[in-house]
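In: Structure, please.
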Amino acid sequence: MTAELNSHFNENYPDGFKLGRVALEHKHSYRVWLEDGEYLCTLAGKLTFDAISREDLPAVGDWVAVQTSPGEKRGIIKGILPRKSKFSRKAAGQVTEEQIVAANVDTVFIVNSLNDDLNLRRIERYLLLAWESGSNPVIILSKADLVTDLKDKMDQVSTVAIGVPVIAVSVLEGTGIQEIKPFLAPGKTVALIGSSGVGKSSLVNYFTGFEKQLVQEIRESDDKGKHTTTHREMVLLPGGAILIDTPGMREIQLWSSEEGINESFADIEQFADTCKFRDCTHKNEPGCAVWSAISEGRLDENRLFSYKKLQKELAYIDRKLDKKAQAEEKRHWKNISKEVRHSVKHKRK
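Out: Residues are numbered from 1 along each chain as shown. Predicted structure coming up:
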């Protein structure tokens, strides 16, 4: 909790409200950590009514203003404090809607398994979302005890994770843990992001000190592990850091991410700056510095294809969002017009 947020709370919420943080989201209620324990909270009717999109509702990691019920661990969430970061993706399915995975996160651990699950294109998508969130990404390569070509795999990942720490970890053997610990300083919040079965829950278990035996049993019976997390939840670690464990993402659908793509593909952007033509599309134009880098072995061709594919995906989302915004604006003014006509008609009577 920063001094700025604390000041915002004191200025905007009178006595009688308590400051809390959303630890778990149920269908119609929230588990919120307050200074004196965990409360089961619902949303104030006005907060729900005024919400235009999912972004206007609480998410795991949000700081919220709560009005508690005397004598019981229940309350009503009356407001959401400004977010310093939010990790979002497009909600699964056909609807163009934002899904906030976690809010107010300092570091995003992008967890990938080294046993047949390593996918550079997937890592690029996670990095794009992480950079856009306002959090700092760290790549965690789990199950390092299962591979013999560890250095080669880490080098591969480093080619797409430019300037991002890449840490190989084995929970079973305890390797790589010391490199992770600096990110888990007291008061810091870390979100674990990754596909099902990559070892996120094993990391949570390790750092909380629980179920270490279970981790070993899972590894011995099935080296792919088991996906145990079914919802986003904050976990307080013994040292004072907070972990947000998230369910495995079957679909890594992008959200608005213009800044993220510049960070994630800084190598391509740097080459593109020296292309002969400013509007170079990196196809077959003369003097294309990007293709020169590919032909000289300084850039992987597949990375350029991924870059273009993600750009198209983001452009499509932007168009959908623009149409949605236009439709909402049209509906808004239509309602106002209807209210004005009704008011005029009522006055004439």
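In: tell me the mean pLDDT for stretch 158-173?
Out: Confidence over stretch 158-173, taken as the mean pLDDT, stands at 90.
In: Ok, stretch 281-288 next?
Out: This predicted structure assigns stretch 281-288 an average pLDDT of 89.
In: Check which residues of that stretch are buried.
Out: Taking 16 or more other CB atoms under 10 Å as the basis for neighbour counts, the residues of stretch 281-288 that come out buried are 282, 288. The C-beta positions use only the backbone N, C-alpha and C, and glycine is treated the same way.
In: export that stretch as CSV, just CAs?
Out: Output in CSV follows, covering the C-alpha atoms of stretch 281-288 (Å, rounded to 0.1, in the frame of the first residue of the first chain):
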residue,chain,number,x,y,z
THR,A,281,6.0,-3.3,-44.2
HIS,A,282,9.0,-5.7,-44.1
LYS,A,283,7.8,-7.8,-47.0
ASN,A,284,9.8,-7.2,-50.2
GLU,A,285,10.7,-3.6,-50.1
PRO,A,286,14.2,-2.6,-51.1
GLY,A,287,16.4,-1.5,-48.2
CYS,A,288,14.4,-3.4,-45.6
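In: Could you list the low-pLDDT ranges of the stretch 101-250 of the chain?
Out: Within the stretch 101-250 of the chain, the set of residues satisfying pLDDT under 70 comprises 116-117, 210-230, 247-250.
In: Please, where are all the helices along it?
Out: For the stretch 101-250 of the chain, the helices defined by DSSP state H, counting those that start in this stretch cover 120-133, 150-160, 177-180, 200-208, 212-221.
In: right, so of those, which gets closest to residue 59?
Out: Shortest distance between residue 59 and the helices of the stretch 101-250 of the chain, using CB to CB, is found for helix 120-133: 11.8 Å.
In: what angle sits between the closest one and helix 150-160?
Out: Between helix 120-133 and helix 150-160, the angle comes out at 50 degrees (axes from the mean of the first three to the mean of the last three CA atoms, to 10 degrees).
In: Helix 120-133 - contacts with which helices or strands?
Out: Under the contact criterion of 3 or more CB pairs under 8 Å, 6 or more residues apart in numbering; DSSP states H and E, the helices and strands touching helix 120-133 comprise strand 86-90, strand 107-113, strand 136-142, helix 150-160, strand 189-193, helix 258-264, helix 301-348.
In: circling back to that earlier point, let me have the helices of the stretch 101-250 of the chain in JSON lines, extended by mean neighbour count and distance to residue 302.
Out: Shown next, in JSON lines, are these (neighbours: other CB atoms under 10 Å; distance: least, CB to CB, whole Å):
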{"stretch": "helix 120-133", "mean neighbour count": "22", "distance to residue 302": "8"}
{"stretch": "helix 150-160", "mean neighbour count": "15", "distance to residue 302": "10"}
{"stretch": "helix 177-180", "mean neighbour count": "14", "distance to residue 302": "28"}
{"stretch": "helix 200-208", "mean neighbour count": "22", "distance to residue 302": "27"}
{"stretch": "helix 212-221", "mean neighbour count": "14", "distance to residue 302": "32"}
